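Asks: Build me a structure from this.
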Amino acid sequence: MEKEMLVLAELKEGKFEKFMGWMQSDEGMSVRKSAAYPEKTVGAVIPDKSGVMFKVFVHNEEKMKELISGTLPVGKEIYDECVIKMTAWDLTKVEM
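Replies: Just a heads-up that it's a prediction; the model follows:
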C-alpha cells in the first residue's frame, strides 16, 4: 500500500551538491526505487542549501526507515558523509 511521507534532510555544510548528485545517480535511484516511487517525489531545497525536503510516495516503509535512519548499507556511506539527520512524517489528507 502506498503511503505519503514528508522527509526533511539536514545536510552538513557544503554537502548539498554531493548528496543530490548521489540521489540522482544510478545507485541513488536504485535505493530510492526500493522504498518509494521517485517519479512521484516532490522536492524542495532550503535557500542556503543546508537541507532538502521531499514529499515521497512510499511502497516499502521498512526500507524507507532504513534509508532515513542511515542504516541502509547501500546508502550508508553518502549518509555518513553528507547528512546530519533525516526526519520523516506520515502525511494524511485533511478533508475541507
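
Asks: Please make it C-alpha for all contacts and neighbour counts, starting now.
Replies: Fine.

Asks: measure S25 to V31 for me?
Replies: 10 Å (CA to CA, to the nearest Å).

Asks: Who has more neighbours out of these two?
Replies: It is V31, of S25 and V31, that has more neighbours when counted by other CA atoms under 10 Å, with 20 against 12.

Asks: For this structure, which segments count as strands?
Replies: 3-11, 42-45, 51-58, 83-90 (DSSP state E).

Asks: Can I get those in TSV including mean pLDDT, distance to L67 and mean neighbour count?
Replies: Listed next are the strands of the chain as TSV, based on pLDDT from 0 to 100; distance: least, CA to CA, whole Å; neighbours: other CA atoms under 10 Å:
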stretch	mean pLDDT	distance to L67	mean neighbour count
strand 3-11	97	11	19
strand 42-45	96	16	13
strand 51-58	97	12	21
strand 83-90	96	9	16
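
Asks: Now do the same contact list for the nearest residue to D80 once chain neighbours are set aside.
Replies: Residue nearest to D80 in three dimensions, not counting chain neighbours: G70, with 7.4 Å by CA to CA, 6 or more residues apart in numbering. Taking CA atoms under 8 Å, 6 or more residues apart in numbering, we find G70 in contact with 76, 79-80.

Asks: Report the buried members of those.
Replies: 76, 79 (16 or more other CA atoms under 10 Å).

Asks: between the contacts of G70, which is closest to T87?
Replies: Closest approach to T87 among the contacts of G70 (CA to CA): Y79, at 13.0 Å.

Asks: Quick check: the gap between the residue nearest to the closest one when sequence neighbours are not counted and E39.
Replies: Of all residues not flanking Y79 in the chain, G70 sits nearest, at 5.8 Å (CA to CA, 6+ apart). As for G70, its distance to E39 is 22 Å (criterion: CA to CA).
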